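**Student:** The amino acid sequence is not available; the structure is as follows:
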């Protein structure tokens, strides 16, 4: 008996759950858990189920496809660890947190590599025996630097690329390689404080909460579909450096939660939003 | 086209969702939203759906029953306002909050009456034109007092009885009339600070959070299935009266949220717990 | 024995607390509580104390002034209820919440009047016996409408003007009459979703938190010093109307908390920020 | 110019701030920040200030002592890193989090050693080059085991002993060596779920929030003065293992925050409570 995650999104129609349940029943699979959501505005249907049993995956998908509206997306994956690569710059709190979870076997992922434009994180990667690639951006044009990174990434088959405080903007050309596979942590509660130095912006604005946002990356800076957000309350005694220190705890937890959701195949991207089951 | 809430709980078996979806499909009903949960420990299946269409309710339920395991509970209700009665003592914040929501048409309920063992809340009830019953407990034994309250309640057909800071313990004899229909707000994050004066207990213990818990009432004081909880952070500068004042905002919001969940038929009681869709 | 609030802000210098404590001591007053903060960036000193005793207020202020740097602001007020006026438009949740607190004697304020550009809130004001002024903006230019409102306000000596979901922009000419005395509730976690329809903006952006911000009003829309903010977590199942409904609980609590802080003289405005003791 | 933390607690009397400020002024020290609190119930005065300047510490303390009520506690410490020892059992998330902060120089402490009754955490300690002592409790009576631990601890001069998920109860004899110096993290929002397996207790009770509590350890299990608490919202889909996983993020952040407060000398213990400036 194995476990599978089935994800379907398609045009909404009457009877979809019946048709899916019918196929699942005919293949003698068991539904451990299922969730569905209909986006009424766009008439789109989203469905996720955890199944148990044994099956011919391709046959099952084929039967399902025949029962669903045209252009239905069907994703079927055995429950198993995903492969991820982490990218960072200098700060270690997010990468360290993921490394620790990996080390204590709490992460449903294999960390294949860490890539950074600096060498600051190298010793940390080494402690945890993860291959580290220092791909400096110095003296390189953006496209050249990204080319170097893509060269490293090409060695690995990855499910998710995690920008764990990678502090450089990635070009649309880079991003298109990892559509809905690249997760970034931004150190503000988006859409507030887009761009550089959100803690300085927050200090300057005098907000009473600071936060963090994990999101998929798309072409527009900090505009991608939001996966997870959280905030903490602050007061006037915090300068921007104290905010930054306090914020790190939020950043790492928000990123970690978003990564868990991704690793468990619980996220759909619906236009510029996410649906999370 | 009408909207219905269908709730089912029964022994878990393979194919339940298929069977339910099959019946729904055959009655040409549309599933607007559905949720299910299996309690693996007790092998129990819980299902809730919002349906639209037109149907013969009894026929539909009969067909469903035939498809489900023995002793399945099937609840089917047209989406409509529920009837509630509020009970209070002296404090007005929870009752006032519900009255305001009722007044602004934000509550999916008709408030049929307010009952209190004091007359303090009478003028508030009068402002909002809700019948008010002052049922004093003075010089009455507990069972006599409860008898008086039941006499008032017997005039009304109610879906939920809301204890909005009703500060007297109700006997098991009273409670059994309103199994899973009586919602209480307790002014602590249960199971901490059960019983009298939770803010004094909280002050005395020196906690850094205070909170509130809305729960169904059962025989044991403050032991019923929890529906909703929330907390706020406090510090050493608050005495128990300041905690009480700050806590009132939490109490009223937690009770209001729990009541909304009940009014939308989103709660299952599973032994001493709730499942909320 | 009476209680007073003393608030001082001035250029930072060495020995300020000593000098203040010296004067307090010489006037045989008791410090029940004191707080201070230095804004290191602007070299400004902020001090607040709750004093008890009896004093000649003007003499005490004069002595203090002589001990403090030039241009020190000294505010001294007997602890007493403030006078406030509420302004609203159509929504009743914030005004209703304040009315309820006033009714149950939990508000350290007298509500002198309610002003609205619609008549929707009139019956609520009447329930609580508060004078209601319906000042319609129809067929009036902005300045003419504001002139009408100012005419009403001129009848009252007010400490704070509370914009409890007043949905029209006020001109700088209006605002300058109530510098640091006008508190607004904005239904988003500013600076996100400035301007109209923040819940629609939030829905469209796909955020996972929504919130509210209470702030003093200055010339720039939603740019005034923030007093209080809070958020709640949401998910993809909420449309903008569900967000609006859920958000109302946050709005009213945030506004109520901010108003309490103002009524207790606990807020300093420091440029475009607040310091809250 | 150096920075110092001054902490005073004593019987409350009129003029204490004046007297302290007077001494500070005479020693030509600058008050960067000060906080005070009076516990009205017990007539106790608490004061903390961050001072800058140069001073003869003993002379300054002597002058202060002469100005304060008998039995005043005066604590004066140069701002500097503290020395800490961590104790754990098998779980790595709290210890790992502290090690990471230490590694990235965000912790105002030197970690002198890690002690555990198992060897599971040894490889983690080794990664970060911290001396690791495996002091097994097997075949030892409680007092013998504690004797072994005390032998290790005797090698170090420590400011705080951090129980970072150390899962054995410590005897009063052990505890008395580290009065108000031993910080524990308990994996529930105390006083709920005292004792063993709080997540199982939480699951069984059906709570809608879970949390963590950092506290000083005293003789009674989980009864010591609370420093910091936080919670997260959960729902019926989480079994106790999922609660445990989700809770770890809360535990480590709550412990880390409490430790920061201790390291910055911001905590007073007032009977069984804390005052935190």
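**Tutor:** Sure, I can see it. Remember, it's a predicted structure, so these values are computed and weren't measured experimentally. Numbers count the residues shown, from 1 in each chain, chains lettered A, B, ... in the order given.

**Student:** What parts of the stretch 101-250 of chain A come near chain D?
**Tutor:** A:101, A:103, A:104, A:106, A:124, A:127, A:128, A:237, A:245, A:248, A:249 (C-beta under 8 Å from any C-beta of the partner chain). Any C-beta I mention is one placed from the backbone N, CA and C, and that applies to glycine too.

**Student:** hmm, try it at 10 Å
**Tutor:** A:101, A:103-106, A:120-121, A:123-124, A:126-129, A:230, A:232, A:237, A:245-246, A:248-250 (C-beta under 10 Å from any C-beta of the partner chain).

**Student:** Those residues, buried ones only, as a PyMOL selection?
**Tutor:** Buried residues within these, by 16 or more other C-beta atoms under 10 Å in any protein chain shown, are selected in PyMOL with:
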select buried, chain A and resi 101+103+104+106+121+124+127+128+230+232+245+246+248+249+250
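
**Student:** Which ones among the residues of the stretch 101-250 of chain A next to chain D lie within helices?
**Tutor:** A:101, A:103, A:123, A:124, A:126, A:127, A:245, A:246, A:248, A:249, A:250 (DSSP state H).

**Student:** For the nearest residue to the last one once chain neighbours are set aside, which residues are in contact?
**Tutor:** Excluding its sequence neighbours, the residue lying closest to residue A:250 (C-beta to C-beta, 6 or more residues apart in numbering or on different chains) is residue A:212, at 4.5 Å. Contact criterion C-beta atoms under 10 Å, 6 or more residues apart in numbering or on different chains gives A:94, A:185-190, A:198, A:228-232, A:247-255, A:258 as the residues in contact with residue A:212.

**Student:** switch to 7 Å and redo it
**Tutor:** Counting by C-beta atoms under 7 Å, 6 or more residues apart in numbering or on different chains, residue A:212 makes contact with A:185, A:186, A:187, A:188, A:229, A:230, A:247, A:250, A:251, A:254.

**Student:** Which ones among these lie within strands?
**Tutor:** A:185, A:186, A:229, A:230 (DSSP state E).

**Student:** Please work out how many residues are found near the first one.
**Tutor:** Residue A:185 has 24 neighbours, counted by other C-beta atoms under 10 Å in any protein chain shown.

**Student:** quick one: pLDDT of it?
**Tutor:** Residue A:185 carries a pLDDT score of 97 in this model.

**Student:** Any figure for the gap between the residue nearest to it when sequence neighbours are not counted and chain D?
**Tutor:** Of all residues not flanking residue A:185 in the chain, residue A:255 sits nearest, at 4.0 Å (C-beta to C-beta, 6+ apart). Separation of residue A:255 from chain D (C-beta to the nearest C-beta, to the nearest Å) stands at 11 Å.

**Student:** Let's verify the most centrally placed residue in chain A: helix, strand, or coil?
**Tutor:** Per C-alpha atoms, centre = their mean, the C-alpha nearest to the average position across chain A is that of residue A:183, at 3.8 Å. Classification of residue A:183 using DSSP: H, G, I helix; E, B strand; the rest coil returns strand.

**Student:** What's opposite it in the beta bridge?
**Tutor:** Counting by DSSP bridges, residue A:183 is bridged to residue A:162, residue A:216.

**Student:** measure it to chain B for me?
**Tutor:** Following C-beta to the nearest C-beta, the distance that separates residue A:183 from chain B is 27 Å.

**Student:** quick one, what contacts that residue?
**Tutor:** A:160, A:162, A:163, A:214, A:216, A:227, A:258, A:259, A:262.

**Student:** that older thread, I'd like the contacts of residue A:212 as TSV, with distance to residue C:36 appended.
**Tutor:** What follows is the contacts of residue A:212, written out as TSV (distance: C-beta to C-beta, whole Å):
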residue	distance to residue C:36
A:185	36
A:186	35
A:187	30
A:188	30
A:229	34
A:230	32
A:247	26
A:250	29
A:251	32
A:254	34
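
**Student:** Spit out the contact partners of residue A:53.
**Tutor:** A:1, A:28, A:29, A:30.

**Student:** Return the subset of those lying in strands.
**Tutor:** Reading strands off these with DSSP E, I get residue A:30.

**Student:** in the stretch 1-150 of chain A, which spans are helices?
**Tutor:** A:16-26, A:57-67, A:93-103, A:122-127, A:142-153 (DSSP state H, counting those that start in this stretch).

**Student:** where's the last one relative to the chain centroid, distance-wise?
**Tutor:** Right, the one you point to is helix A:142-153. Chain-centre distance of helix A:142-153: 21 Å, with C-alpha atoms, centre = their mean, to the nearest Å.

**Student:** Between all of the contacts of residue A:53, which two are separated the most?
**Tutor:** A:1 and A:28 (11.1 Å; C-beta to C-beta).

**Student:** between these two, who's got more neighbours?
**Tutor:** residue A:28 (11 against 7).

**Student:** ok now stretch A:230-246, how far from the chain's centre?
**Tutor:** 26 Å.

**Student:** Then stretch A:1-9?
**Tutor:** 19 Å.

**Student:** Tell me the buried residues in it?
**Tutor:** Buried residues in stretch A:1-9 (16+ other C-beta under 10 Å): A:4, A:5, A:6, A:7, A:8, A:9.

**Student:** if I look at the fifth one, how far off is residue A:45?
**Tutor:** When C-beta to C-beta, to the nearest Å is applied, the distance between residue A:8 and residue A:45 equals 8 Å.

**Student:** Spell out which parts of the stretch 101-250 of chain A neighbour chain C.
**Tutor:** Within the stretch 101-250 of chain A, the positions near chain C by C-beta under 7 Å from any C-beta of the partner chain are A:189, A:191-192, A:205-209, A:225-226, A:228-229, A:231, A:235-237.

**Student:** change it to 8 Å
**Tutor:** Counting by C-beta under 8 Å from any C-beta, the residues of the stretch 101-250 of chain A near chain C are A:189-193, A:205-209, A:211, A:225-231, A:233, A:235-237, A:239.

**Student:** Can you flag the buried ones in the residues you listed?
**Tutor:** By 16+ other C-beta under 10 Å, these give A:189-193, A:205-209, A:211, A:225-231, A:236 as buried.

**Student:** Filter the residues you listed down to just the ones in strands.
**Tutor:** Checking these against DSSP E, those in strands are A:209, A:211, A:226, A:227, A:228, A:229, A:230, A:231.

**Student:** Which strand residues bridge the fifth one?
**Tutor:** Bridge pairing for residue A:228 (DSSP bridges) gives the partners residue A:214.

**Student:** wait, doesn't it sit right on residue A:256?
**Tutor:** No - contact criterion C-beta atoms under 8 Å: residue A:228 and residue A:256 do not qualify, at 9.1 Å.

**Student:** re earlier: tell me the two of the ones in helices among the residues of the stretch 101-250 of chain A next to chain D that are most distant?
**Tutor:** So, those by C-beta to C-beta: farthest apart are A:126 and A:246, at 28.9 Å.

**Student:** Looking at the ones in strands among the buried ones among the residues of the stretch 101-250 of chain A next to chain C, point me to the pair that's furthest apart.
**Tutor:** Pairwise over those, using C-beta to C-beta, the maximum falls at A:209 and A:227, 19.2 Å.

**Student:** what's around residue A:167, how many residues?
**Tutor:** So residue A:167, with other C-beta under 10 Å, has 15 neighbours.

**Student:** Excluding residues flanking it in the chain, which one is nearest it?
**Tutor:** In space, residue A:167 is closest to residue A:89, 4.2 Å off (C-beta to C-beta, 6+ apart).

**Student:** Got the phi and psi for that neighbour?
**Tutor:** phi -120, psi -80 (degrees, to the nearest 10).

**Student:** Assess the claim that it and residue A:116 are in contact.
**Tutor:** Yes - using C-beta under 8 Å, residue A:89 is in contact with residue A:116, at 6.0 Å.
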